[in-house]
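Colleague: Pasting the sequence and the predicted model now:
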Amino acid sequence: MDNNWPWRRIVLTWVLAIACGYLSAFASGDSRAVIRAVIRACFLFAFLTAFLPMANRLRRRGDSGWWLVLTAAMGWGCLGNACAFLWLDSFALRLYWPLYILAGGVYHVLLYGAYLLGHKYQLRKVPLFLLLLLAACLGYVFLSLPFISSVEMLLGTILSSVNSVIVVPAYLLLLFTAMNGDAWQARVKARRRSILEVLAVLSLVLGFGFATMIGAAMNNVLRECEFMLRHHSSLEPLRGLQGRLRGKGSSMKAYDPDEKGWVPAVIDFIGACIPEVNTKTLMNDPPRDAVEKVTTSPDGNYVAELSTAAKETNTALQINNAATGEQLFRGPLTDLGYRHVLVWSDDSKMLVMFDSCETNNIVVCVQEDGSFSQQHIDGRLLGFVPSRKDLLIIKAGSVFRQQPSALPEELLQVPWLNAIPGMDCQTMTTTPDGHFLIMLCNQEHLLAPSQSLLIVANLSERTMCWLEVDTRDVTKYLVMEELPHEQ
């Protein structure tokens, strides 16, 4: 930095830059990866700050100064986003990585272009703030180009841009004026007019900003999912897929206009066409063989239950002899979650316990001598293959198929699961032949409408079909069955 920047101002500037980067990450309504968002925002503010002394020196080089500043800003901004790319969690922007890197340069060109205009015309703080806000919003719209597919999405992006970038012009206003050793002297004006301008800007930020907070939340939540539905979904994975998807433990429900309410439903796949949510042919609720407290093995020999002894504080998993009531196995659980499932394999040789807390992903196997062995599954256990002998887990951004006491087999990478805000896979299963993986996901956010997504993946071709399904009361696990003969 040049001689006009005393060391105290330098320290204060960088402390303020890091603090504003932290605030900006939350103001943008970013996803659950808050630490990554903070790191990316700090990179942006750090590069914007570090470029100011260079811009001041280049600006003094006569008529060519403007072009030198803007050219250098483009390269410097691209370098900043290239450094921040390692912490990028957007699936769409990772796919279009050149645009993300270029967006850093565009941001710097727009913001420092506003700085040059302010210097040339000696703008006061209020007009300079509005100019910087406009530049930041245009940069945000440029960065959001992969998500814009309609006029509605464009309007939503523009609406959300104010709330997402509001910290940037506020910080740069201080950086370019109070903390700038090469700041200009704004023209003198009437005090009353100055107060009116400040009140107008405060009304804009507080009033319009509150409205855009909701728009920013909805836009950031929905755009990643809509990108996947638009660019990474095809009906090809449904070719040759026939069967009925049924929820076990608690049924999927769909809204029936005739009944004027939510009724049990199944999802029928009939060839390469959009599956049908079927509420008419289902006579009764699916069997409740996944329960919260007690379940009996298919051969009737064992009863598994969740129980708490008199002197125990934590719930334990216990297996008793169904005929005599004798306790055969007991294992303590840690912080039992809210969505716990007990289910036996079809051959009664394996009991699976899982819940919303990954510490309780437990498999208990019946040995040849009648004893029991317990194994903890590393990852998030979310379902089974139709025989319920192999487990389906999510770990490190991939879906694995695993047999107890065996190494897991990777089926499909799902990097989008953590990249889409509010997205959570509730349960999954495979077809009996193992060619298709079916995932039932929910996307929820406080300020955005929730939606259920059925994702069908052809494991041999690595293609996916994303479908919005009108269901609720997501099931504890799924089973893919053959269609009834009358279908």
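Modeller: That came through fine. Being a predicted model, the structure only gives us computed values, none of them experimental.
Colleague: Mind listing what's buried along the one helix or strand residue 72 maps to?
Modeller: Assessed by DSSP states H and E, residue 72 sits inside helix 65-84. Neighbour counts over helix 65-84 (16 or more other CB atoms under 10 Å) mark 65-66, 68-70, 72-74, 76-81, 83-84 as buried. In this view, the C-beta of every residue, glycine as well, is placed from N, C-alpha and C.
Colleague: Which member of the residues you listed is positioned nearest residue 115?
Modeller: Lowest distance from residue 115 to the buried residues of helix 65-84 (CB to CB) belongs to residue 69, with 8.4 Å.
Colleague: pLDDT value on the closest one, please?
Modeller: The model reports residue 69 with a pLDDT of 94.
Colleague: Could I get the contacting residues of it?
Modeller: By CB atoms under 8 Å, 6 or more residues apart in numbering, the contact list for residue 69 reads 55, 58-59, 112, 116.
Colleague: repeat for residue 44
Modeller: If a contact means CB under 8 Å, 6+ apart, then residue 44 has 21, 24, 80-81, 84, 104, 107, 168 as its contacts.
Colleague: Break down the stretch 251-400 of the chain into its strands, ranges please.
Modeller: Using DSSP state E, counting those that start in this stretch, the strands found in the stretch 251-400 of the chain span residues 252-256, 261-270, 276-278, 294-296, 302-307, 316-321, 327-332, 341-344, 350-354, 362-366, 372-376, 380-384, 391-395, 398-402.
Colleague: between the ones you listed, which gets nearest to residue 478?
Modeller: With CB to CB as the criterion, residue 478 lies closest to strand 380-384 of these, at 6.2 Å.
Colleague: Tell me the strands beside that closest one, with direction?
Modeller: Applying DSSP bridges to the sheet, strand 380-384 is found paired with strand 391-395 (antiparallel), strand 423-430 (parallel).
Colleague: who does the helix or strand following the last one pair up with?
Modeller: What it means is strand 423-430. Downstream of strand 423-430, the next assigned helix or strand under DSSP H and E is strand 436-445. Applying DSSP bridges to the sheet, strand 436-445 is found paired with strand 423-430 (antiparallel), strand 448-458 (antiparallel).
Colleague: Pick out the shakiest of those strands, pLDDT-wise.
Modeller: Mean pLDDT is lowest for strand 448-458 among the strands paired with strand 436-445, at a mean of 77.
Colleague: Mind exporting the C-alpha coordinates of that one to PDB?
Modeller: C-alpha atoms of strand 448-458 as PDB (Å, rounded to 0.1, in the frame of the first residue of the first chain):
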ATOM      1  CA  ALA A 448     -39.700 -21.200   0.600                       C
ATOM      2  CA  PRO A 449     -42.300 -23.800  -0.200                       C
ATOM      3  CA  SER A 450     -41.200 -27.400   0.500                       C
ATOM      4  CA  GLN A 451     -41.300 -30.000  -2.300                       C
ATOM      5  CA  SER A 452     -40.700 -33.700  -2.600                       C
ATOM      6  CA  LEU A 453     -38.400 -35.100  -5.400                       C
ATOM      7  CA  LEU A 454     -38.200 -38.600  -6.700                       C
ATOM      8  CA  ILE A 455     -34.800 -39.200  -8.200                       C
ATOM      9  CA  VAL A 456     -34.400 -42.400 -10.400                       C
ATOM     10  CA  ALA A 457     -30.800 -43.200 -11.400                       C
ATOM     11  CA  ASN A 458     -29.900 -45.800 -14.000                       C
END
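Colleague: who does the helix or strand following that strand touch, helix- and strand-wise?
Modeller: Toward the C-terminal end, the helix or strand that comes next after strand 448-458 (DSSP H and E) is strand 463-469. Here strand 463-469 touches helix 209-231, strand 448-458, going by 3 or more CB pairs under 8 Å, 6 or more residues apart in numbering; DSSP states H and E.
Colleague: Repeat the analysis, applying 6 Å as the threshold.
Modeller: Judged by 3 or more CB pairs under 6 Å, 6 or more residues apart in numbering; DSSP states H and E, strand 463-469 is in contact with strand 448-458.
Colleague: how far away is residue 390 from residue 267?
Modeller: 22 Å (CB to CB, to the nearest Å).
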